[in-house]
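1. what follows is a predicted structure for the sequence shown.
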Amino acid sequence: MHKDLDTLIITPEEMGRIDRAAAASGLSGYGLMERAGQAVAAAALRRFPGALRFAVLCGPGNNGGDGYVAARALQEAGAAVAVHALGDPGSLKGDAATAFKAFDGTVAPLAAYGPRPGDVVIDALFGAGLSRDLPEEAVRIIEAVRDSVLPVLAVDLPSGIDGRTGAVRGDAFAAAATVTFMCRKPGHLLLPGRTLCGEVEVFDIGIPARILAGHAGHMRVNTPAVWRIALPVETGATHKYVRGHLAVFSGPATATGAARLSASAGLRAGAGLVTVLSPPEALAANAAHLTAVMLKPVGGPDDLAVLLDDERLKTFVLGPGFGDFGKARTYVREIAGRGRRLVLDADGISAFRDEPDALFRLFAGGEPRLVLTPHDGEFARLFPDLAEDAGLSKIERAQKAAARSHAAVILKGADTVIAAPDGRALVNANAPPWLATAGSGDVLAGIAGAHLAQGMPAFEAAASAVWRHGEAGRAAGEGMTAEDLVGALRGFDRTG
Ligand SMILES: NC(=O)C1=CN([C@@H]2O[C@H](COP(=O)(O)OP(=O)(O)OC[C@H]3O[C@@H](n4cnc5c(N)ncnc54)[C@H](O)[C@@H]3O)[C@@H](O)[C@H]2O)[C@@H](O)CC1
Ligand SMILES: Nc1ncnc2c1ncn2[C@@H]1O[C@H](COP(=O)(O)OP(=O)(O)O)[C@@H](O)[C@H]1O
Ligand SMILES: [K+]
């Protein structure tokens with residue numbers, strides 16, 4: 001597949017446009033369906049050599065059409081096949097009707113399907129076209145298949161998953177594997193859809209790259225290919241100030257660990273110098289634990305103002321363990337007013353819960369200088385209307401938040417989304433579940449700060465930080481702590 005296209009994420013709506021453009025360019029729609037169905041049959045035979053029978057469940061649209069092609073191919077390969085249809089297959093239209101007619105075998109009603117040990121279910125009920133909650137009849141079969149613990153191979157998407165949002169519409173199959181076509185859809189990457197898809201195979205059914213690219217939006221999977229070009233250039237002439245000076249605000253004496261995690265991650269992630277800015281009463285606690293990271297007292301806005309006279313100090317992380325919301329707002333105003341770049345995390349985000357627009361005004365216009373790193377709870381504090389809008393996907397929520405705040409937004413979770421004010425969005429897919437550990441978010445904020453300090457644009461700095469955080473989590477392995485995560489941070493592979 002074309003190198004740029006394998007990271008592309010396409011919404012069902014875009015896929016529909018691509019489909020029509022492919023037809024308009026003279027490509028046979030039935031040809032595409034034939035290749036799709038053949039790919040499903042091949043995957044079924046390869047993945048389930050021990051199957052006694054393939055139960056192919058076909059729906060009322062083109063997803064069902066793929067099912068009829070797969071059933072024919074499986075039968076031709078000598079496998080036992082039982083085909084069950086939702087609704088009257090005689091009323092199928094277009095390519096799906098052609099696929100149904102080409103299948104030479106009995107088609108029983110969906111309700112007549114009785115799961116048998118040895119069955120492998122091929123789910124071709126609904127794919128990209130699911131537009132409302134599943135009908136009762138489909139829900140009953142999903143329950144029966146779940147109860148009999150049969151493996152499911154899903155065509156395009158497990159039926160019940162909304163391809164645009166990853167949400168479950170009524171109920172959904174939990175597939176062992178999913179075969180999709182050309183590109184992944186948001187529903188393959190966003191939770192809970194991601195977990196219900198099992199392993200996802202993307203099969204190229206021959207839609208030309210130019211048609212895909214011409215109708216695709218700005219959503220991709222977060223991989224180095226997306227941001228490698230924005231990585232800081234390492235030359236022999238590099239010295240520590242060229243690699244940037246990052247400053248991380250510490251909380252009070254009882255809560256200094258979070259800032260130190262951010263700071264050590266920042267140093268490890270490539271900032272030339274890192275300084276922890278500490279309230280005077282927490283200096284001793286910080287000093288006892290810092291070596292390569294420097295330490296400076298900052299007791300209030302006047303101290304910060306003096307510090308900002310040093311033009312080399314361009315980048316800040318504020319939030320981890322910070323505690324004092326009033327002071328957080330004052331510091332953020334000063335940092336923004338003096339044109340600096342900021343990663344705002346944790347308490348730094350919560351500090352603006354009563355006046356999010358005041359924060360957005362501080363960073364409005366120009367090249368984005370703010371990276372926001374909320375988890376869902378913090379997101380709801382700054383963007384309550386977007387958090388409540390159940391119709392939005394996580395990608396759409398992050399995109400709208402980024403546009404409103406003029407920030408690169410990292411909306412965290414197992415399916416972290418990174419969005420830019422200009423509409424670009426990435427879904428991260430390399431994070432292991434054990435990243436959900438105390439202090440993990442502090443480490444992420446520090447990496448993002450280091451990337452900003454090295455001069456990367458905010459969106460690329462954020463996206464590459466999320467990816468590196470995931471890679472470090474994998475390298476550190478299950479059972480890791482946030483300290484291990486810092487130790488596992490690696491440099492970038494600049495090739496490829
Ligand atoms: N996009 C492409 O280029 C290709 C798409 N193909 C297949 O086509 C599928 C999309 O086909 P369709 O757009 O026909 O969509 P689907 O087959 O997913 O379902 C749409 C049909 O179901 C109805 N429907 C939607 N939600 C329903 C609900 N909750 N209860 C009852 N009925 C409901 C719709 O009115 C429509 O008739 C893909 O998932 C894929 O499997 C393949 O044939 C290959 C080519
Ligand atoms: N199930 C999960 N799988 C992978 N990554 C996760 C999962 N849950 C959380 N994460 C990641 O772990 C980090 C947790 O950050 P955060 O919620 O701020 O926690 P903390 O405040 O404890 O550091 C985020 O980067 C988030 O994306
Ligand atoms: K399906």
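-> Structure's in. What do you need? Ligands and ions are numbered 1, 2, ... in the order given.
2. so is stretch 155-167 next to ligand 1?
-> Yes - residues of stretch 155-167 are located near ligand 1 by Cβ under 6 Å from any ligand atom, namely 155-156. Placement of C-beta: from N, CA and C, glycine included.
3. which residue lies nearest the spatial centre of the chain?
-> Val427 (2.2 Å; Cα atoms, centre = their mean).
4. what pairs with that one across the strands?
-> Note on Val427: beta-bridge partners by DSSP bridges are Val221, Val417.
5. try His84
-> Leu57, Ala108.
6. any idea how far stretch 312-326 is from the chain center?
-> The chain centroid and the centroid of stretch 312-326 are separated by 26 Å under Cα atoms, centre = their mean, to the nearest Å.
7. meant to ask about stretch 373-387, not that
-> With Cα atoms, centre = their mean as the basis, the mean position of stretch 373-387 lies at 16 Å from the chain mean.
8. got the contact list for it?
-> Outside stretch 373-387, the residues that touch it by Cβ atoms under 8 Å, 6 or more residues apart in numbering are 319, 343-346, 349-350, 352-353, 356, 359, 372, 388, 392, 397, 400-401, 404-405, 409-413, 441, 444-445, 448, 462.
9. check whether it contacts ligand 2.
-> Yes - using Cβ under 6 Å from any ligand atom, stretch 373-387 comes into contact with ligand 2 via His375.
10. please apply the same query to stretch 215-230.
-> No - using Cβ under 6 Å from any ligand atom, we find that stretch 215-230 stays clear of ligand 2, coming within 11.5 Å at best.
11. so how far is that stretch off the chain centroid?
-> 12 Å.
12. which residues in the stretch 301-450 of the chain form helices?
-> Here the stretch 301-450 of the chain has its helices, by DSSP state H, counting those that start in this stretch, at 301-307, 325-337, 346-350, 356-362, 376-382, 384-388, 394-405, 440-453.
13. the spatially closest residue to Leu359 that is not a sequence neighbour - how many residues pack around it?
-> Among residues not flanking Leu359 along the chain, Phe352 sits closest, at 4.3 Å (Cβ to Cβ, 6 or more residues apart in numbering). When neighbours are counted by other Cβ atoms under 10 Å, Phe352 registers 22.
14. list the contacts of Gln454.
-> Counting by Cβ under 8 Å, 6+ apart, the residues that Gln454 touches are 232, 243-244, 270-271, 461.
15. what's the pLDDT at Gly129?
-> Gly129 carries a pLDDT value of 89.
16. so it is in which element?
-> Counting by DSSP states H and E, no helix or strand carries Gly129.
17. can you check the one 5 residues further on too?
-> Secondary-structure assignment from DSSP H and E places Leu134 in no helical or strand segment.
18. just give the nearest non-adjacent residue to it, would you?
-> Gly170 (4.1 Å).
19. how close does the one you found get to ligand 1?
-> Using Cβ to the nearest ligand atom, to the nearest Å, Gly170 is found at 7 Å from ligand 1.
20. how close does that residue get to His245?
-> Plainly put, Gly170 is 54 Å away from His245 if you go by Cβ to Cβ, to the nearest Å.
21. these two: which is more packed in?
-> Taking other Cβ under 10 Å, Gly170 and His245 do not tie; His245 has more neighbours (18 against 15).
22. quick one: name the residues of this structure near ligand 3.
-> 123, 127, 154-155, 159 (Cβ under 5 Å from the ion).
23. from the residues you listed, pick the one nearest ligand 1.
-> Gly127 (2.0 Å; Cβ to the nearest ligand atom).
24. Gly214 looks like it's in a helix, true?
-> Yes - counting by DSSP: H, G, I helix; E, B strand; the rest coil, Gly214 is found in a helix.
25. just to revisit the earlier point, nearest to Asp104, out of the helices of the stretch 301-450 of the chain?
-> helix 394-405 (42.6 Å; Cβ to Cβ).
26. and that closest one, what does it pack onto?
-> Applying 3 or more Cβ pairs under 8 Å, 6 or more residues apart in numbering; DSSP states H and E, one finds that helix 394-405 contacts helix 356-362, strand 370-372, helix 376-382, helix 384-388, strand 408-411, strand 417-419, strand 425-427.
27. got a list of what Leu57 touches?
-> Per Cβ under 8 Å, 6+ apart, neighbours of Leu57: 67, 84-86, 110, 113, 121-125, 141, 159.
28. so which of the residues you listed are in helices?
-> Secondary structure from DSSP state H places 67, 141 of the contacts of Leu57 in helices.
29. who wins on neighbours among the contacts of Leu57?
-> Within these, Ala124 tops the neighbour count with 33 neighbours, counted by other Cβ under 10 Å.
30. could you find the closest non-adjacent residue to that one?
-> Using Cβ to Cβ, 6+ apart and skipping residues adjacent in sequence, the residue nearest Ala124 is Gly67, 2.7 Å away.
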